[in-house]
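Asks: dropping the sequence and predicted coords here.
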Amino acid sequence: MSAGFLMAIRQDHEKMLEIKKLIETARGLPQPDDYFNGLDWDGEILPREIVLFCRMAQDHRTSGWDGISAKAGRYDQHSRYVLLVALEGKGSMGVETKTRQIHQEEAHLLFPHQIHYYIDLPEKFTWLYVTFDLEGPARQILELWRSGGRKINGHTKSLLMEFLAEFQNGDGLQSSIALGKVFEAMETAEPAQNKADPDADLVAQIKKYVMENLEDDLAMPALSRAMGVSESYLRAVFRDGAGVSLGNFVRSVRLVRATYLLEQGELDLGVIAGRTGFGSLTSFTRAFRRMYEMTPSSYRKRSRVEA
């Protein structure tokens, strides 16, 4: 047995121990009392208000922050950055107009107010979530993540362990520094896998068209004409590629946009209903209550309290 072969076995064993330790630490994290305000320090460049938690099972509730679900109709957007580190298990999610495959030992970054939803989740998984705020020039450094996720290698795993240790120690400044090192290490990391879908371009075009034309008629006949394909083909391709029905996607994007407008200012509810493509305030309120289990007015009041 050659020395090179033994060295390779040793390296594989060390990698296995590293990811096992990460999984054990992630699973031991307590649930946050507050998903918006976390460890912080008085600075402007490094990540701030860091919140850290782990997900290991689906939660099919249609609202709330206590779980993730691949059930159709669960769409999200957040005002903060969200770093997802898949330590164990693979799945897929829609991020704006793209479908992302998420493999074990990959990291993916969601940007503030980026619409996303889970398409497929495994029965068993350990996904680490880091949410944070970021101000100043450092935001530009993260723009490379818009093209997709990054694989996590041995060095990144070590830095993640350092970050977890600092976070558990309750040190806001050191946690920010440690998380910054994780991002620096992943700047040059290998891009995450993303298996091509033969109809991915059409699905991306449909999503883009919907997001840019929320005030217009987005019923199936109108979308079929806009895309230049039959209604049956459009319906089938979108469901296969996006994992949800086209009607569900349109309605959910309209409601997610509505939450953004509710958080931003004092627009009249009727104006928001019109800008998001609802025919009346009544239909807007009914759809909003069905998805978020509260009225638009209640949502606006809650967002002001959290701010």
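Replies: Looks like it arrived, so ask away. Residues are numbered from 1 along each chain as shown.
Asks: isn't Leu159 up against Gly180?
Replies: No - using CB atoms under 8 Å as the test, Leu159 is too far from Gly180 to be in contact (9.7 Å). Every residue, glycine included, has its C-beta placed from N, CA and C.
Asks: which stretches of the chain form strands?
Replies: For the chain, the strands defined by DSSP state E cover 48-55, 75-76, 81-88, 91-95, 98-102, 106-110, 116-120, 126-133, 150-151.
Asks: and the third one, what does it pack onto?
Replies: In this structure, strand 81-88 packs against helix 3-27, strand 106-110, strand 126-133, with contacts taken as 3 or more CB pairs under 8 Å, 6 or more residues apart in numbering; DSSP states H and E.
Asks: and the second one, by the same measure?
Replies: Contacts of strand 75-76 with other secondary structure elements, assessed using 3+ CB pairs under 8 Å, 6+ apart, are made with strand 116-120, helix 246-264.
Asks: what's the answer for the fifth one, then?
Replies: Counting contacts by 3+ CB pairs under 8 Å, 6+ apart, the secondary-structure elements packed against strand 98-102 are strand 91-95, helix 200-212.
Asks: deepest of these, which one?
Replies: Stretch with highest mean neighbour count among the helices and strands packed on strand 98-102: strand 91-95 (a mean of 20; mean count of other CB atoms under 10 Å).
Asks: give me the contacts around that strand.
Replies: With contact meaning CB atoms under 8 Å, 6 or more residues apart in numbering, strand 91-95 is reached by 70, 99-102, 108, 110, 114-122, 125, 207, 242-244.
Asks: of these, select the buried ones using a ChimeraX command.
Replies: Selecting just the buried residues from the contacts of strand 91-95 in ChimeraX takes one command, with 16 or more other CB atoms under 10 Å as the test:
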select :70,99,100,101,102,108,110,115,116,117,118,119,121,125,207,242,243,244
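Asks: let's have the helices and strands packed on strand 75-76 in TSV, adding distance to Arg235.
Replies: What follows is the helices and strands packed on strand 75-76, written out as TSV (distance: least, CB to CB, whole Å):
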stretch	distance to Arg235
strand 116-120	17
helix 246-264	6
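Asks: these: lowest mean pLDDT?
Replies: Among those, strand 116-120 carries the lowest mean pLDDT, at a mean of 84.
Asks: among the strands of the chain, which comes closest to Lys301?
Replies: Closest approach to Lys301 among these (CB to CB): strand 75-76, 20.1 Å.
Asks: okay, now the sheet partners of the closest one, with direction.
Replies: Strands that pair with strand 75-76, judged by DSSP bridges, come out as strand 116-120 (antiparallel).
Asks: for Thr156, which non-adjacent residue is closest in space?
Replies: Ala185 (5.0 Å; CB to CB, 6 or more residues apart in numbering).
Asks: in this structure the one you found contacts Ser158, no?
Replies: No - judged on CB under 8 Å, Ala185 makes no contact with Ser158 at a distance of 9.0 Å.
Asks: check the gap between Leu142 and Leu255 for me.
Replies: Using CB to CB, to the nearest Å, Leu142 is found at 27 Å from Leu255.
Asks: the two: which is more packed in?
Replies: For Leu142 and Leu255, the more surrounded residue by other CB atoms under 10 Å is Leu255, and the numbers stand at 20 against 16.
Asks: excluding its backbone neighbours, what's nearest the more buried one?
Replies: In space, Leu255 comes closest to Met291 once its chain neighbours are excluded; the distance is 5.2 Å by CB to CB, 6+ apart.
Asks: could you measure from that neighbour over to Leu134?
Replies: When Met291 is compared with Leu134 (using CB to CB), they lie 28 Å apart.
Asks: out of the two, which sits in the more crowded spot?
Replies: More neighbours surround Leu134 than the other of Met291 and Leu134, with 22 against 19 (other CB under 10 Å).
Asks: go ahead and confirm that one touches Arg48.
Replies: Yes - if you go by CB under 8 Å, Leu134 and Arg48 touch, sitting 7.0 Å apart.
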